[in-house]
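[1] test case, fold it:
(one chain, ligands or ions: 1)
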Amino acid sequence: MTNVNRSDMFISHDTGAYAPQKPVLITGGAGFIGTNLAARLASLGQQVLVFDNLSRAGVEKNLNWLTTTFPQQIHIKIADVRNKVAITGAVDASSMVFHFAAQVAVTTSIDTPMRDFEVNAGGTLNVLEAIRTSRHRPAIVYTSTNKVYGQMEDLALAVSDNRYEPIDSSISASGFDESRTLDFYSPYGCSKGCADQYVLDYARTYDIRATVLRMSCIYGPHQHGNEDQGWVAHFIKQALEDNRLTIYGDGKQVRDILFVDDLVNAFLLMQSQTEVVGGKVFNIGGGPSNTVSLLELTDMIGQIVGKKMSLRFEDWRKGDQKYYVSNTSKFSNLTGWQPRTNTNKGVGLLYEWLAGEHKIKAHRVQFQEAQVR
Ligand SMILES: NC(=O)c1ccc[n+]([C@@H]2O[C@H](COP(=O)([O-])OP(=O)(O)OC[C@H]3O[C@@H](n4cnc5c(N)ncnc54)[C@H](O)[C@@H]3O)[C@@H](O)[C@H]2O)c1
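    Take a look at the predicted model:
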């Protein structure tokens, strides 16, 4: 029996009577973050239903890896979150929902805003409706984005050779918390922000255990980054292929980056505490101790590969924040979560994985425990 059929078995017996254990549903489960969560859940012996339309280039490789590594735990439904029947069946069959499926690139959203809205806002509403109308109303975690806070042009910044830094040092020390004003920017910001608000409102209006994570930049293995999305992986790939890298803007823009294993740790905490985190929104990222500018990252990659990266510069992209760092205290105080993988180590681990994917012999990376800054 193929994995696809096994997933249909879960769906056809949606009372759970024949399913030994209802699987955890991951929409977008073949994607970067979905694959990392699916692998961790499967390695803990949990059943996982991966729901994905495989629209992201490269993710079929993730799916093959998942099914060969965890043949007993991974079940597959190849379908689109815009398909109400398919998503309703998958939700009915599941014990909990991690909703990651999305059109993920700001650039693509600017080119095709209608499709972006249908997938990100409409798809999320389909998932929420499937939960609301189900008998068992599984909890949901939704991955939103820091883009809901807009370009943050009001932030007073100083600029050095390599990075922007807030003039108010308390912002550098703690980052931005969830009280920051919402200011959706770009069709992607609007569609993700719309879904973010629907998820929170379904918790409020329908008493569903629904949680929103507003995530900064996540990076790690199984990330098929490209120029439009997944920039840490994209930068490393360009270095491995000895290509000149295009930087949009001056490269001094700063982000807090979070290694995907740490994000998966956060998901597991949420899975075990759905009542505690339900109805809440959290900012999640590497936080103030894991910040890096684009230029600093290219320096770090140059040191790893043993060759300075060649760069060219283009105009700023619309809505690009010059400085964004998450304040993760709300989630940390509630659950005890902390990021454990510092930037040097995480970038080294991603380099090793990408080198393996490109069949390039990786240098041995000396993981420095020191922070970037
Ligand atoms: N990676 C990050 O840094 C980051 C930051 C903030 C928010 N997010 C959010 O996290 C989620 C996961 O991101 P990711 O980095 O793993 O992206 P990804 O592109 O690797 O994964 C998304 C997956 O969703 C699937 N998908 C796309 N449209 C679909 C549809 N209509 N129906 C079913 N499946 C569909 C894709 O095939 C892909 O496998 C997304 O919602 C994204 O907006 C990611």
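
[2] just the C-alpha atoms of stretch 131-140, please, in PDB.
    Extracted in PDB, the C-alpha atoms of stretch 131-140 (Å, rounded to 0.1, in the frame of the first residue of the first chain):
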ATOM      1  CA  ILE A 131     -11.800  22.900  12.300                       C
ATOM      2  CA  ARG A 132     -14.900  24.800  13.300                       C
ATOM      3  CA  THR A 133     -17.200  22.400  11.700                       C
ATOM      4  CA  SER A 134     -15.400  19.200  12.800                       C
ATOM      5  CA  ARG A 135     -16.600  17.100  15.700                       C
ATOM      6  CA  HIS A 136     -13.300  17.200  17.600                       C
ATOM      7  CA  ARG A 137     -12.000  20.700  16.800                       C
ATOM      8  CA  PRO A 138      -8.300  20.100  16.700                       C
ATOM      9  CA  ALA A 139      -5.900  22.900  17.900                       C
ATOM     10  CA  ILE A 140      -4.100  24.900  15.200                       C
END
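
[3] what residues does residue 51 make contact with?
    When contacts are counted by CB atoms under 8 Å, 6 or more residues apart in numbering, residue 51 touches 25, 26, 27, 28, 29, 77, 79, 81, 86, 87, 90, 101. C-beta here means a position set from N, CA and C on the backbone, and glycine is covered the same way.

[4] tell me how many other residues crowd the residue of the chain found nearest the ligand.
    Closest to the ligand within the chain is residue 31: 1.9 Å, counting by CB to the nearest ligand atom. When neighbours are defined as other CB atoms under 10 Å, residue 31 has 29 of them.

[5] check which element follows the helix or strand of the chain with the lowest mean pLDDT along the chain.
    Every helix and strand of the chain was ranked by mean pLDDT, DSSP states H and E. The lowest is helix 3-12, at a mean of 45. Counting by DSSP states H and E, the next helix or strand C-terminal to helix 3-12 is strand 24-27.

[6] just to revisit the earlier point, check the contacts of residue 51 one by one and keep those near the ligand.
    Subset of the contacts of residue 51 in contact with the ligand: 28, 81, 101, counting by CB under 6 Å from any ligand atom.

[7] now do the contacts for the second one.
    Read it as residue 81. For residue 81, the contact set (CB under 8 Å, 6+ apart) comprises 27, 51, 53, 87, 99, 101, 119, 123, 124, 126, 127.

[8] what's in contact with the host helix or strand of residue 255?
    Element membership for residue 255, per DSSP H and E: strand 254-259. Applying CB under 8 Å, 6+ apart, the contact partners of strand 254-259 are 163-165, 175, 215-220, 232, 284-288, 290-293, 322-326, 339, 341, 343, 345-346, 349.

[9] list the buried residues for the next helix-or-strand element following that strand?
    Using DSSP H and E, the helix or strand that follows strand 254-259 towards the C-terminus is helix 260-272. By neighbour count with 16 or more other CB atoms under 10 Å, helix 260-272 contains the buried residues 260, 261, 262, 263, 264, 265, 266, 267, 268, 269, 270, 271.

[10] just checking, the first one touches residue 217?
    No. Under the criterion of CB atoms under 8 Å, residue 260 makes no contact with residue 217, lying 10.7 Å away.

[11] filter the contacts of strand 254-259 down to the ones in strands?
    Counting by DSSP state E, the contacts of strand 254-259 place 164, 165, 215, 217, 218, 219, 284, 291, 292, 293, 323, 324 in strands.

[12] residues from this structure in reach of the ligand?
    Going by CB under 6 Å from any ligand atom, the residues of the chain near the ligand are 28, 30-34, 52-56, 59, 80-82, 100-104, 119, 123, 143, 145, 192, 215, 217-218.

[13] any of those buried? List them.
    Buried among the residues of the chain next to the ligand (16+ other CB under 10 Å): 28, 30-34, 52-54, 56, 59, 80-81, 100-104, 119, 123, 143, 145, 192, 215, 217-218.

[14] low-scoring stretches of the stretch 251-373 of the chain, by residue?
    Across the stretch 251-373 of the chain, the ranges flagged by pLDDT under 70 are 361-373.

[15] quick one, helices of the stretch 51-200 of the chain?
    Taking DSSP state H, counting those that start in this stretch as the test, the helices found in the stretch 51-200 of the chain are 59-69, 84-92, 106-111, 113-117, 123-132, 169-174, 186-206.

[16] now tabulate those helices in a markdown table and tack on mean pLDDT and distance to residue 151.
    Listed next are the helices of the stretch 51-200 of the chain as a markdown table, based on pLDDT from 0 to 100; distance: least, CB to CB, whole Å:
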| stretch | mean pLDDT | distance to residue 151 |
| --- | --- | --- |
| helix 59-69 | 97 | 30 |
| helix 84-92 | 98 | 33 |
| helix 106-111 | 95 | 11 |
| helix 113-117 | 98 | 18 |
| helix 123-132 | 98 | 23 |
| helix 169-174 | 96 | 16 |
| helix 186-206 | 98 | 9 |
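
[17] with respect to residue 252, which of those lies nearest?
    Of all those, helix 169-174 sits nearest to residue 252, with 14.3 Å by CB to CB.

[18] other residues contacting that closest one?
    If you take CB under 8 Å, 6+ apart as the criterion, helix 169-174 is touched by 155, 165, 166, 288, 325, 327, 329.

[19] residues contacting the closest residue to residue 244 other than its chain neighbours?
    Spatial nearest neighbour of residue 244, chain neighbours left out: residue 310 (4.4 Å); criterion: CB to CB, 6 or more residues apart in numbering. By CB under 8 Å, 6+ apart, the contact list for residue 310 reads 243, 244, 245.

[20] give me phi/psi at residue 310?
    Dihedral pair for residue 310: phi -90, psi 130, per degrees, to the nearest 10.

[21] I'd like the distance between it and residue 227.
    Residue 310 sits 15 Å away from residue 227, going by CB to CB, to the nearest Å.
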